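Colleague: Just a sequence and a predicted model for now, questions to come.
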Amino acid sequence: MAHDHTADTAHHDDHHGEPAKGIKRWLFATNHKDIGTMYLVFSLTMFFIGGAMAMIIRAELFKPGLQLVDPAFFNQMTTLHALVMIFGAVMPSFVGLANWMIPLQVGAPDMALPRMNNFSFWILPFAFTILLSTLFIPGGAPAGGWTMYPPLFLQGGNYVALAIFAVHLMGASSIMGAINVIVTIMNMRAPGMNLLKMPLFCWSWLITAYLLIAVMPVLAGAVTMLLTDHYFGTSFFNAAGGGDPVMFEHVFWFFGHPEVYIMILPAFGIISEILPTFSRKPLFGATSMIYAIASIAFLSFIVWGHHMFVDGMPLAAQVFFMMSTMLIAVPTGVKVFNWTATMWKGSLSFEPPMLFALSFLFLFTIGGFSGVMLAIVPVDFQYNQTYFVVAHFHYVLVPGAVFAIMAAVYYWLPKWTGHMYSMGLAKVHFWLSTIFVNVLFFPQHFLGLAGMPRRIPDYAVQFSDWNMVSSIGAFGFGLSQILFVVVIVQCARGGKKASAEVWDGATPTGLEWTIPSPAPYHSFAVAPEVK
């Protein structure tokens, strides 16, 4: 008779059948909740490291002239800030949420591949140790921008191999996480839960996982060619040897554009869970939402050229990339209107998750509008490489992806810990974050339209005022995040017990999922019986 593991789901078993304690519990974790927690704690740590780099950037730009850091270090900060925030903060936090919630939402006892799950997490701390260690080696850290364009990126000495190895490790981790999500959703749903009954968060992650598997190897190929150009005398991107640096841009952005959707699609899933709960009515047009996410994912593969309008491309290609980029506005608009319709005539209440979701709705849409502007070829010629682009993608990624992650944490934290957090502190965190994120990024639209170039540590005196405003917003936003940690730590340590229907359970889309039948029995110690 197989040993029933349901009693020790919270811990990994060592050889004596006792739940592992202390460091072993985390080192050898195969439980989806433990691994989800580690992902989330890791990404929060990276959020603060990447944030510290952003503070250095904004402190330097507080006034014109060179104050704090030399230009080379400034470039290292802009490069590492992006790599840490994308691969260290946003993506792992979504994987952490997937680990925690997908088995619970589809009625599975765990993720399908628990050991690979452990491996995919533990690669990350090593990858980022390698990447950040470049700050302490002779020759310095990567300074060619997160896009790693040759020949600029290859000017550096020692960092090239380390940075590329780190990127490979991050990619491997992402691919393993994605495989796990797909196998879990496809093979381990509870009986009676067909795909269209599945919660939107699971759908958004299923589609994201396919994107990850499709584009991560493309990035791996691009950086491997960079590596051989630098160390082995190949000429993929070296014009002197018959190569073409523009080819790198094509390969990189074929990865890079789907990548930005990898960072927003799970956010769409989260918002689609939260708005119905606090509107107390089902999601408007759930099936059309799934089709919209899938269309956005498909279109993300055919728009990479809009990052390269100024590189010189045939008029036909410019028109194609412009039109296909604008096409993404259609499914995105469907989602925004469906979210709005969900709230229409609902019985709304404004707890912290709902506040962050509403903020997401408004501010992400601003990022969408500036994206449509950047899709217009002649307009992009003017905006390219200015702070307008910086404002655009930060509106999509900070009040977009990051606010969605915060909304998810506030939404599910009572379920994870069994405790309620301080509503008052969480609301203060929300208001400070929302106000300062706009003070930080909105003026950058004006700077970009006035022609201030990005990635440069000094600027002309006419840009002083808005830069000062932007930097004040940056420090306000950065310091506000300390409150986030305080709320989480207080909640995890204990507090008022959360009720079973923590958001008052007025809808089946609340925290208590209605699984049509009991979860299938599965012990990971033995092969399941074939019925």
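Modeller: On my side now, so go ahead.
Colleague: Which of the helices or strands spans S204?
Modeller: Assigned by DSSP states H and E, S204 falls within helix 200-231.
Colleague: What are the buried residues along the helix or strand following that helix?
Modeller: Going down the chain from helix 200-231, the next helix or strand is helix 245-262, by DSSP H and E. Neighbour-count burial for helix 245-262 flags 245, 248-262 (criterion: 16 or more other CB atoms under 10 Å). In this view, the C-beta of every residue, glycine as well, is placed from N, C-alpha and C.
Colleague: what comes into contact with helix 245-262?
Modeller: With CB atoms under 8 Å, 6 or more residues apart in numbering as the test, helix 245-262 has contacts from 86, 91, 147-151, 208, 211-212, 214-216, 218-219, 221-222, 225-226, 236-239, 296-297, 300-301, 303-308, 311-312, 393, 396-397.
Colleague: how far is that helix from where the chain is centred?
Modeller: 17 Å (CA atoms, centre = their mean, to the nearest Å).
Colleague: what about that helix, average pLDDT?
Modeller: Summarised as a single mean, pLDDT over helix 245-262 is 97.
Colleague: quick revisit: show me which of the contacts of helix 245-262 are buried.
Modeller: Among the contacts of helix 245-262, those buried by neighbour count (16+ other CB under 10 Å) are 86, 91, 147-150, 208, 211-212, 214-216, 218-219, 222, 225-226, 236-238, 296-297, 300, 303-308, 393, 396-397.
Colleague: G140: neighbour count?
Modeller: Counted with other CB atoms under 10 Å, the neighbours of G140 add up to 17.
Colleague: That one: what's it in contact with?
Modeller: Contact analysis of G140 by CB under 8 Å, 6+ apart lists 72-73, 76, 134, 156, 159.
Colleague: So it lies in a strand, does it not?
Modeller: No - counting by DSSP: H, G, I helix; E, B strand; the rest coil, G140 is not found in a strand; it is coil.
Colleague: From here on, call the first residue 59.
Modeller: Sure, I'll start numbering at 59, so the last one becomes G198.
Colleague: What residues sit buried inside the host helix or strand of L98?
Modeller: Assigned by DSSP H and E, L98 belongs to helix 90-118. Buried residues in helix 90-118, counted by 16+ other CB under 10 Å: 90-98, 100-102, 104-105, 107-109, 111-116, 118.
Colleague: Please tell me how far V127 sits from M104.
Modeller: Separation of V127 from M104 (CB to CB, to the nearest Å): 21 Å.
Colleague: If you could redo that for L541, that was the one I meant.
Modeller: From L541 to M104 the distance is 18 Å (CB to CB).
Colleague: what do you get for F152?
Modeller: Noted for F152: a distance of 13 Å to M104, by CB to CB.
Colleague: Likewise for P372?
Modeller: In this view, P372 and M104 are 41 Å apart by CB to CB.
Colleague: Relative to M401, how far out is L498?
Modeller: Where M401 is concerned, L498 sits at a distance of 27 Å (CB to CB).
Colleague: neighbour-wise, which of those two wins?
Modeller: Neighbour count, other CB under 10 Å: between L498 and M401, L498 has more, with 24 against 20.
Colleague: Please list all residues in contact with that one.
Modeller: For L498, the contact set (CB under 8 Å, 6+ apart) comprises 116, 452, 528, 531-532, 534-535.
Colleague: Show me which of those residues is closest to S262.
Modeller: S262 has its nearest neighbour among the contacts of L498 in H452, at 21.6 Å by CB to CB.
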